[in-house]
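# This is the structure alone, sequence omitted:
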């Protein structure tokens, strides 16, 4: 799988290159700002780009803007945006047009190498990866207005993992239950929230996010 | 020399212009109430109504009407006229005297200033008179031979000259030198008279047109409060940035390396890749130490812990880390307010850093002394001088000091040495 990395802190960039190379990814380019990222993506057409939000010159959200551009100009390229803090507004901006091939994670997540690589693979193959922190924010914000109160604690856990973009198998692994039980929970959640049952993970994420963010 | 040169400077001419304007407006102000009755009298006189043979009853009613009308007009127009006169003189002061007087919507106070113009015009008028007639009198010997070249035996009247002490008359060429001497004396006195006239005028302007003391203070406080808020916001932004780009990145990288190392060590049993795991742990170890150093620097930048022991200890510690050898002398009877200690400390730190960067000094002396309610911090070096108090660094420092009513004076001639004095109140 081919990856482009955009991260301005050299240490972190090298660490990522090492991690991904080690895990069998092909790192086409590792760049330090948004403009270089745009040209690297145009040149290499990678499967996925890992993008830091704050980069030179303004150190605000140029990474995010570049990510949105890439998603518009190169629909085949997955974009995993990562940052040292999460902002639900950023998440909604990223997911605005379509929730496919997109991810938004805290940088801390790289510490759990397997999870990180899993999320990256998911994004590269057109899936979604949302940070638990973002999902938590959204669910807290939406808990008053939506029917989340009707869910059992277990169902809430399943809902959160769904919103992160995980598949049924992924949820089953994370909660150490069988996929069959997950399916039952999912059906119950959709019934309680009045959402139309969706087959694909992506559409499921979108439905859940729309629901919790009101 | 200055006394001799004073009349011939551009400043003297500008003051002259201001004084003449002052006298003219004083005359105008005095004449203002008389305009309406004067015009009426002129009309009556022109139409012949005031001729001797007409009886008084014809004229008297006209003035009986005019008197209240004049009073009413004066009352209505007093404020705008006062303001207009004040504004004209404020501009004149800025143009001619280089004195900037800030106005604070003066109403009746402007009228007060306008009325005060009348007595103020006395020294101004005297000054202007001495200047102009000083020059005139000085010129008598020059034009005497041009006009007084009549054939011998012609009897001529005396020539007069104006001085502040009355007329001087002369019939002889030698006498003109007396007049010239009087002119010279007048010319020498004139600048000082004009100076008195203009400085009183500016003082009156400041007092009557400028913002009142309380208003002035409010404005100062507004400025310094805005400054304090700005500074606090900038400080928070800088902290966030330092943490984000420093410790946070290091810790994230550290976590990444440890995560990788965990993988290399495997879940149980013999490690699949021990060598790489070791390398990664070493990397993480180094990263942790770097992150600690980063945080330590950051903490010291926020509030040096040693400051809790007092300014003396804090400055001594600061001096030991100075690039240029620095001595510290602290004489404090008690402890100032913590905020003042912090400000004094950061001023000292910044001044030391400035000296290290620009002064090329070989020695710096830091001193803190307290007299009554004032704490004085002095930083002195033996460097090349040329520090600019209006430069970004020092002016920023001055702005921060202003928040607690502190003041800074910089003495740094080109070639050195530099001495910066900072006065702070001991309590906020």
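Good, I have the coordinates. Bear in mind that the values here come from a model prediction, so they are computed numbers and not experimental data. Residues are numbered from 1 along each chain as shown, chains lettered A, B, ... in the order given.
# Show me the helices in chain A, by range?
A:10-22, A:34-44, A:62-73, A:88-95, A:113-124, A:132-142, A:153-164, A:168-175, A:179-193, A:201-212 (DSSP state H).
# Need the residues that contact the first one.
By that I understand helix A:10-22. The contact list for helix A:10-22, computed with C-beta atoms under 8 Å, 6 or more residues apart in numbering or on different chains, reads A:3, A:5, A:7, A:27, A:30, A:32, A:50, A:52, A:107, A:110, A:113, A:116-117, A:120, B:249-250, B:252-253, B:256-257, B:259-260, B:287. (C-beta placed from N, C-alpha, C; glycine too.)
# And the second one, by the same measure?
Helix A:34-44 is contacted from outside by A:2, A:4, A:6, A:28-29, A:31, A:46, A:49, A:51, A:55, A:62-63, A:65-66, A:69-70, A:73-74, A:77, using C-beta under 8 Å, 6+ apart.
# ok, now how distant is residue B:31 from chain A?
65 Å (C-beta to the nearest C-beta, to the nearest Å).
# now swap in residue B:417 and tell me
As for residue B:417, its distance to chain A is 40 Å (criterion: C-beta to the nearest C-beta).
# And that residue, its phi and psi?
phi -80, psi 170 (degrees, to the nearest 10).
# same check, this time on residue B:171
Dihedral angles (degrees, to the nearest 10) for residue B:171: phi -120, psi 0.
# Number of residues surrounding residue B:425?
By other C-beta atoms under 10 Å in any protein chain shown, 15 other residues sit near residue B:425.
# Check what pLDDT it gets.
Looking at residue B:425, its pLDDT reads 93.
# backbone phi and psi for it, please?
phi -70, psi 150.
# cool, residue B:393 as well?
Backbone torsions of residue B:393, given as degrees, to the nearest 10, read phi -70, psi -60.
# now it: how far from residue B:93?
Residue B:393 sits 33 Å away from residue B:93, going by C-beta to C-beta, to the nearest Å.
# Who has more neighbours out of those two?
Taking neighbours as other C-beta under 10 Å, residue B:393 and residue B:93 compare with residue B:93 leading, 20 against 16.
# Could I get the pLDDT score of the nearest residue to residue A:185 once chain neighbours are set aside?
Once flanking residues are discounted, residue A:185 sits nearest to residue A:158: 4.4 Å by C-beta to C-beta, 6 or more residues apart in numbering or on different chains. On pLDDT, residue A:158 comes in at 90.
# now residue B:148
Listed pLDDT for residue B:148 reads 72.
# State the distance from it to residue B:156.
7 Å.
# same thing with residue B:285?
113 Å.
# In terms of neighbours, single out the busier of those two.
Neighbour count, other C-beta under 10 Å: between residue B:285 and residue B:156, residue B:285 has more, with 13 against 9.
# sorry, back to before: mind checking which of the contacts of helix A:34-44 are buried?
Neighbour counting over the contacts of helix A:34-44 (16 or more other C-beta atoms under 10 Å in any protein chain shown) leaves A:2, A:4, A:6, A:28-29, A:31, A:46, A:49, A:51, A:55, A:62-63, A:66, A:70, A:74, A:77 as the buried ones.
# State the pair within those that is farthest apart.
A:2 and A:62 (23.0 Å; C-beta to C-beta).
# which residues sit in contact with the closest residue to residue B:32 other than its chain neighbours?
The shortest distance from residue B:32 to any non-neighbouring residue, by C-beta to C-beta, 6+ apart, is to residue B:81 (7.2 Å). Applying C-beta under 8 Å, 6+ apart to residue B:81 gives the contacts B:32, B:111, B:114.
# Now for whichever residue of chain B sits closest to chain A, how many residues are close by?
Among all residues of chain B, residue B:255 sits closest to chain A, at 3.5 Å; criterion: C-beta to the nearest C-beta. Close neighbours of residue B:255, defined as other C-beta under 10 Å, add up to 20.
# check contacts around it.
So residue B:255 contacts A:108, A:110, A:111 (C-beta under 8 Å, 6+ apart).
# which of these tops the neighbour count?
Among these, residue A:110 has the most neighbours (other C-beta under 10 Å), with 27 neighbours.
# quick one, what contacts that one?
Applying C-beta under 8 Å, 6+ apart, the residues near residue A:110 are A:15, A:16, A:19, A:82, A:116, B:252, B:255, B:256, B:259.
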